[in-house]
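Asker: when you get a sec, could you give me coordinates for this:
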Amino acid sequence: MSDTSTLKIGALAQAAGVGVETIRFYERKGLLQQPPRTRSGYRRYPGDTVHRLKFIRRAQGLGFALREISELLDLRVDEVAACGPVEAQAREKLEQVAGKIEALRQMERALQRLVEACEAREPTGACPILQELDPSGSPER
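Answerer: As a prediction, this is how the structure comes out:
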């Protein structure tokens, strides 16, 4: 590579640990700017795009939606904005995660009760798990 400050899409994907299609997807969604192209048509990404991609992936790993990530990226480059909006988004995401965890705990308790109530030797018509899942109370035929 003659210019070390830019990367072709394949090298960028490898450096950021994502696929080429992921990069193109983020471009379509506006999370990455369309890079300049060489005369031969190759995309040449600035080297700092690796950091932006890693930021996007970490934010997704924390449960932020692409729209929210776009907002965080905008706040990230705003030299005047205070940290308050970022904290507010993180707190909102934390509340959402806590709600999901509670819903999963409820599901876990319900499944645990069903598993404990199940007697594996019974015919499936008497299986408490299947009975619980069937709102009509009768098996389909």
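Asker: measure the spatially most central residue of the chain to residue 50 for me?
Answerer: Among the residues of the chain, the one closest to the centroid is residue 60, at 3.9 Å (Cα atoms, centre = their mean). In this view, residue 60 and residue 50 are 16 Å apart by Cβ to Cβ, to the nearest Å. Every residue, glycine included, has its C-beta placed from N, CA and C.
Asker: worst-scoring helix or strand of the protein, pLDDT-wise?
Answerer: helix 128-133 (a mean of 80; mean pLDDT, DSSP states H and E).
Asker: could you list every helix and strand in contact with it?
Answerer: Packing partners of helix 128-133 (3 or more Cβ pairs under 8 Å, 6 or more residues apart in numbering; DSSP states H and E): helix 84-117.
Asker: give the other helices and strands that the helix it packs on contacts.
Answerer: By 3+ Cβ pairs under 8 Å, 6+ apart, helix 84-117 packs against helix 66-77, helix 128-133.
Asker: find me the pLDDT at residue 88, would you?
Answerer: Looking at residue 88, its pLDDT reads 89.
Asker: swap in residue 138?
Answerer: Per-residue pLDDT puts residue 138 at 60.
Asker: tell me the phi and psi of residue 134?
Answerer: The phi/psi pair for residue 134 (degrees, to the nearest 10) reads phi -100, psi 110.
Asker: show me what contacts it?
Answerer: If you count contacts by Cβ atoms under 8 Å, 6 or more residues apart in numbering, residue 134 has none.
Asker: and this structure, what are its domains?
Answerer: 1-81, 83-141 (automatic domain parsing).
Asker: just those domains: most buried one?
Answerer: domain 1-81 (a mean of 14; mean count of other Cβ atoms under 10 Å).
Asker: can you give me how far it is from the chain middle?
Answerer: Relative to its parent chain, domain 1-81 has a centroid offset of 16 Å by Cα atoms, centre = their mean, to the nearest Å.
Asker: what helix or strand is residue 53 on?
Answerer: helix 49-61 (DSSP states H and E).
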